[in-house]
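Student: Here is my input, please return the structure:
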Amino acid sequence: MFKPFMLSMRAALLAMILLGLSACAGATPVPPPSAPTAAGPVVTSKALNLYAWAGGIPQALLDEFGKEYNLTVNYDAYESNEELLAKLQVGAKDYDVILPQDYLVSILIAQNMLEPIDLRQIPDFANVDDQFQNPAYDPGNKYTVPYQWGTFGIAVNTAKVTKPITRFADLWDPAFKNKLVLLDDQRINIGMALLVLGYDYNSTDPAQLEAAKKKFIALTPNIKLYDSNSPKTALLSGEAVAGVMWNSEAALAHEENPNINYILPEEGGLLWYDNFAIPKGAPHKDAAMAFLNFVLRPEMSILITKTYPNSSPNKATLELLKTSDPEFYQRYMAFSATNPPADAIKRGHRSKDVGEATRLYDRIWTEVKAGQ
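Tutor: Here you go, the predicted model:
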């Protein structure tokens with residue numbers, strides 16, 4: 001009993017210190033830790049090698065994890081699901097934790113590229129809302145735990161765009177010439193063109209994909225730039241007046257400039273779900289299991305949500321936010337970028353594994369970028 005109590009006190013002390021330092025620096029403070037629901041995995045490794053989205057995980061969280069488990073966190077970054085998949089397919093064996101989106105999870109499972117996880121070693125999985133447990137892309141959560149979820153929609157500076165924007169199709173308006181910022185993402189951009197044409201977002205029909213290619217090429221005069229790292233930057237600087245981006249970028253832009261609004265289009269917004277997983281052959285699986293549990297603690301999940309205001313699958317986090325920061329909670333619940341309405345979710349589209357058609361998407365996107 002003595003050792004767990006001391007560890008709990010140490011964790012509380014570290015959080016209190018970090019809270020004070022963060023407040024002084026103007027950063028997002030870490031709330032005091034909640035009591036663990038059960039003993040997590042025992043860790044003897046001295047490192048955790050993380051491969052995740054660029055700018056996807058708060059550094060403060062990684063620092064806190066490293067301190068608590070007395071290990072070094074090494075963070076490599078990628079900018080697309082395709083980049084992550086390619087890295088693993090060529091035999092990368094150094095990573096302990098990865099952060100794939102939903103459709104990629106299905107591919108990685110099918111290719112036997114993930115380690116199974118034991119939920120008994122992840123007691124804080126109990127904090128996950130029921131609707132995010134047992135997803136179709138990973139039945140029974142045998143390989144993943146949820147991190148964040150959200151949408152891809154349209155962000156618009158309403159001070160510069162007075163015409164109502166309600167659909168993806170509105171972005172083809174010549175008034176947007178050289179004024180849009182888009183993500184450098186083939187599935188999202190080709191999928192958007194498919195939706196505008198009335199086709200399935202996950203179409204594998206060669207004729208439909210060719211039509212989507214032509215449709216998207218017609219949009220290119222309106223595209224000022226592609227930016228998958230920080231598309232909000234172009235909106236905030238005035239370089240672009242509208243764009244397609246994920247919800248947290250729109251939420252952060254809205255905080256800086258309330259004129260920037262977020263629209264879930266009539267064709268249906270694009271839904272995404274980020275998940276932590278352990279790649280096959282992870283050298284520090286004990287640390288990886290501990291990390292999967294660590295990010296599900298309510299106070300850590302709050303830190304994640306405040307740094308990257310996507311939508312949280314952690315019900316304990318939202319309950320804690322009500323009392324720990326009611327002002328942030330109210331903003332979170334009131335804005336469509338962080339709390340999309342139920343009808344928008346119902347209309348939403350989820351990326352699926354398109355199988356062999358992936359090569360067709362690759363070719364089409366290469367031709368689009370080459371202006372062919």
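
Student: which residues of the stretch 151-300 of the chain fall in strands?
Tutor: Under the criterion DSSP state E, counting those that start in this stretch, the stretch 151-300 of the chain contains strands at 180-182, 223-226, 242-246, 260-263, 270-277.

Student: Local confidence estimate at the residue nearest to the spatial centre of the chain?
Tutor: For the chain, the residue nearest the mean C-alpha position is residue 274 (4.8 Å; C-alpha atoms, centre = their mean). Predicted confidence (pLDDT) for residue 274: 96.

Student: just the one 10 residues further on next, same as before
Tutor: At residue 284, the pLDDT value in this model is 97.

Student: What of residue 81?
Tutor: Residue 81 is given a pLDDT of 88.

Student: where do the helices sit along the stretch 51-200 of the chain?
Tutor: For the stretch 51-200 of the chain, the helices defined by DSSP state H, counting those that start in this stretch occupy 59-69, 81-89, 102-110, 186-196.

Student: count of residues packed around residue 281?
Tutor: By other C-beta atoms under 10 Å, the residues close to residue 281 number 14. Heads up, the C-betas are built off the backbone N, CA and C, glycines and all.

Student: check contacts around it.
Tutor: 93, 115 (C-beta atoms under 8 Å, 6 or more residues apart in numbering).

Student: what do you get if the cut-off is 6 Å, keeping everything else the same?
Tutor: residue 93 (C-beta atoms under 6 Å, 6 or more residues apart in numbering).

Student: Then residue 314?
Tutor: Here residue 314 is in contact with 127, 301 (criterion: C-beta under 6 Å, 6+ apart).

Student: isn't residue 226 right up against residue 184?
Tutor: Yes: using C-beta atoms under 6 Å, residue 226 is in contact with residue 184, at 3.9 Å.

Student: for the residue nearest to the centre of the chain, which residues make a bridge with it?
Tutor: Residue 274 has these beta-bridge partners by DSSP bridges: residue 101, residue 148.

Student: Name the nearest residue to residue 321, sequence neighbours excluded.
Tutor: residue 329 (4.3 Å; C-beta to C-beta, 6 or more residues apart in numbering).

Student: Double-check the one you found against residue 322; I have them as touching.
Tutor: Yes: the pair formed by residue 329 and residue 322 meets the contact definition of C-beta under 6 Å, at 5.2 Å.

Student: okay, the two: which has more neighbours?
Tutor: When residue 329 is set against residue 322 and neighbours are counted by other C-beta under 10 Å, the residue ahead is residue 329, at 17 against 12.

Student: Confirm that one sits in a helix?
Tutor: Yes: secondary structure assignment (DSSP: H, G, I helix; E, B strand; the rest coil) places residue 329 inside a helix.

Student: Can you list the low-confidence ranges for the chain?
Tutor: 1-40, 372 (pLDDT under 70).

Student: Let me see the domain layout of it.
Tutor: The record's domain parsing of the chain by automatic domain parsing lists 2-148+273-334, 150-271+341-369.

Student: distance between the ends of the last one?
Tutor: Spelled out, it's domain 150-271+341-369. One end of domain 150-271+341-369 to the other measures 27 Å (C-alpha to C-alpha, to the nearest Å).

Student: next one: stretch 190-209
Tutor: One end of stretch 190-209 sits 8 Å from the other (C-alpha to C-alpha).

Student: for stretch 45-57, same thing?
Tutor: 21 Å.

Student: Okay, buried residues for that stretch please.
Tutor: 45, 48-53, 56-57 (16 or more other C-beta atoms under 10 Å).

Student: Is it possible to get JSON lines of those residues that adds distance to residue 296?
Tutor: Shown next, in JSON lines, are the buried residues of stretch 45-57 (distance: C-beta to C-beta, whole Å):
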{"residue": "45", "distance to residue 296": "19"}
{"residue": "48", "distance to residue 296": "16"}
{"residue": "49", "distance to residue 296": "20"}
{"residue": "50", "distance to residue 296": "16"}
{"residue": "51", "distance to residue 296": "19"}
{"residue": "52", "distance to residue 296": "16"}
{"residue": "53", "distance to residue 296": "18"}
{"residue": "56", "distance to residue 296": "16"}
{"residue": "57", "distance to residue 296": "14"}
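
Student: hang on, the earlier thing: next one: the residue nearest to the centre of the chain from residue 323, what distance?
Tutor: To residue 323, residue 274 is 26 Å away according to C-beta to C-beta, to the nearest Å.

Student: Contacts for stretch 44-60, please.
Tutor: Against stretch 44-60 from outside (C-beta under 6 Å, 6+ apart): 71-77, 79, 94-99, 229, 284, 286-287, 291, 303, 307.

Student: now the helices for the stretch 251-372 of the chain?
Tutor: With DSSP H, counting those that start in this stretch as the criterion, the stretch 251-372 of the chain has helices spanning 285-294, 298-307, 315-324, 326-334, 342-347, 357-369.

Student: between these, which gets nearest to residue 188?
Tutor: Nearest to residue 188 among the helices of the stretch 251-372 of the chain is helix 357-369; the distance by C-beta to C-beta comes to 10.5 Å.
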